[in-house]
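*Asks:* any chance you can model this:
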Amino acid sequence: MAIRRLARLVFIAVIFALVTMVASDLAITLNARDRVYTDVDDLPKRQVALVLGTSKYIGKTPNPYYTHRIEAAEALYKANKVSHLLLSGDNAHRSYNEPWTMKRDLLKAGIADDAIHLDYAGFRTLDSVVRAKTVFSLARFTVVSQQFHCERALFLADVNNIDAICYAVASPQGWAGIKIRLREVLARTKAVLDSFILNVKPKFTGPKEPIDGVTATEL
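*Replies:* As a prediction, the model looks like this:
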């Protein structure tokens, strides 16, 4: 009887976990409706774009996630859809610095140095989104990333009273895309738990670094 009871409890726990994951995934997708854009011409103007970081290479191969985000940041700036780029990513050690790598490539693309701002403590999407508000004094901006990532970022923005939209760039297709999407289900479940149950905050919070030139309506 004890084994049956344990098996029943395990079964219930597994079903609950699956329902939670599916519900979190669906809710985050629906929450982002009408705020994710794929055409530069349709994207509303906002002064700042938050470009979410990732590694430039996977091994020795260029990472398409990185390449698409950098190309999108360049396109938005040159189309006058944004006037500032906040590059947020991991700075784990001297040889791995996502924000500086992004800045270097954007400078090569002709983006003005004073239009580029770096957040070296964007260790996770939550850190990047929340720090944009608490450290860089932004309560309104455009996120740049792949669509699945955009949707989670917009959810985190909503939870933290940030007015965000997203410019979604191309995602890799095939098996690589499927694996990323499956991992995203887990990431979304964690985002919900972090927001409503665990009350997780960014690893580092300050000091404040307001972006010069951003008007009061953006603060």
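
*Asks:* might one say that Lys201 is in contact with Thr134?
*Replies:* No - assessed by CB atoms under 8 Å, Lys201 is found out of contact with Thr134, at 9.2 Å. Bear in mind the C-beta positions are built from the backbone N, C-alpha and C, glycine included.

*Asks:* have a look at this protein and report its longest helix.
*Replies:* The single longest helix within the chain, with elements called by DSSP state H, is helix 2-31.

*Asks:* buried residues in it, which are they?
*Replies:* In terms of neighbour count (16 or more other CB atoms under 10 Å), helix 2-31 has its buried residues at 21, 24-25, 28-29.

*Asks:* the following helix or strand past it pairs with which strands, parallel or anti?
*Replies:* Downstream of helix 2-31, the next assigned helix or strand under DSSP states H and E is strand 36-37. Applying DSSP bridges, strand 36-37 is found paired with strand 163-169 (parallel).

*Asks:* contacts for the helix or strand following the partner strand, please.
*Replies:* The first helix or strand that comes after strand 163-169 along the chain, using DSSP H and E, is helix 174-193. Contacts with helix 174-193, where a contact means CB atoms under 8 Å, 6 or more residues apart in numbering, come from 20-22, 24-25, 27-28, 125-126, 148-149, 152, 155-156, 171-172.

*Asks:* next one: helix 174-193 to chain centre, how far?
*Replies:* Centre-to-centre, helix 174-193 and its host chain are 13 Å apart (CA atoms, centre = their mean, to the nearest Å).

*Asks:* and that helix, what's buried?
*Replies:* Those would be 180, 184-185, 187-192, for helix 174-193 by 16+ other CB under 10 Å.

*Asks:* mean confidence for that helix?
*Replies:* Averaged across helix 174-193, the pLDDT comes to 91.

*Asks:* try stretch 74-85
*Replies:* For stretch 74-85, the per-residue pLDDT averages 98.

*Asks:* distance between the ends of that stretch?
*Replies:* End-to-end distance for stretch 74-85: 9 Å, by CA to CA, to the nearest Å.

*Asks:* what lies in contact with that stretch?
*Replies:* 40, 43-49, 51, 73, 106, 109-111, 115-117, 142, 144, 167, 211, 213-214.

*Asks:* so which of those belong to strands?
*Replies:* If you go by DSSP state E, the contacts of stretch 74-85 have 48-49, 51, 116-117, 142, 144, 167 in strands.
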